[in-house]
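>>> Provided below are the primary sequence and the corresponding predicted coordinates.
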Amino acid sequence: MFRVSSIPQIQNVIIPHFDKYPLVTQKLADYLLFRDAIKLISHKEHLSTEGLYSIINIKASLNRGLSAKLNEAFPNSVKVSRPIVANQRIPHSMWIAGFTSAEGCFLVSLFKSTTKLGITPRLVFSITQHTRDEEILQNLVTYFGCGRYAKRTTGEAGDFICSKLSDIVEKIIPFFYEYPIIGYKEKNLEDWKKVANLIKSKAHLTQEGLDLISKLKSDMNK
């Protein structure tokens, strides 16, 4: 885990960074509240009861809110209003690469079919977010010119999904060649691209090719 808890470092490095390169999802609201809390601390207002309550009120609106212990310790706390995050436009292509590094998923599924081997591989590129960030996922459909947005029937999540092979080969894979992702998902993407090439060349219609796809699949998303 990468973590910064030094107030001077947060003030001088973290906040200037996110002010210059703002978040796009609803996490921007959490950041703005966090920034307000840091300002109060930097002005020593947390040393007074009134200032401490102001910070607690901010925390009540952040992420999961107050713990049971904090609710008990500060029974008169009142949540502050969360900032409204609208117009979730995609700022640039590298933002998508970074977003995918954190939130994206490259999948290979194998399902029963009427082919000679009885098994057909399928590629899926997806990004999942809370339904409150539906707009950004809808914007990915427009940006890539492919895929779709699907709200899950259970829970509070939705997905950007691209599973059409021609779109994956002609749009998704070329995009990540030009704007590479980083981290452990880079290995998943490389294996995913190999599977795409095998399917494109019809190798999945042979037992040898299907076995190779199964092996690549087993090595992914570990």
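Structure received. Numbering: from 1, shown residues only.

>>> helix/strand/coil for residue 110?
With DSSP: H, G, I helix; E, B strand; the rest coil as the basis, residue 110 sits in strand.

>>> Would you mind confirming that it is in contact with residue 215?
No - Residue 110 lies out of contact with residue 215 (C-beta atoms under 8 Å); the separation is 11.7 Å. No exception for glycine: its C-beta is placed from N, CA and C like everyone else's.

>>> what number of residues lie near residue 161?
If you count neighbours by other C-beta atoms under 10 Å, residue 161 ends up with 20.

>>> send the alpha carbons of whichever helix or strand residue 150 is part of over as CSV?
When elements are assigned from DSSP states H and E, residue 150 belongs to strand 148-151. Only the C-alpha atoms of strand 148-151 are listed here, as CSV (Å, rounded to 0.1, in the frame of the first residue of the first chain):
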residue,chain,number,x,y,z
ARG,A,148,-22.0,-0.9,-23.9
TYR,A,149,-23.0,0.1,-20.4
ALA,A,150,-24.8,-2.5,-18.3
LYS,A,151,-26.2,-1.9,-14.8
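
>>> if I read this right, residue 63 contacts residue 31, doesn't it?
No - taking contacts as C-beta under 8 Å, residue 63 lies outside contact range of residue 31: 11.1 Å.

>>> Which one's more surrounded, those two?
A direct count of neighbours by other C-beta under 10 Å for residue 63 and residue 31 places residue 31 higher, at 18 against 9.
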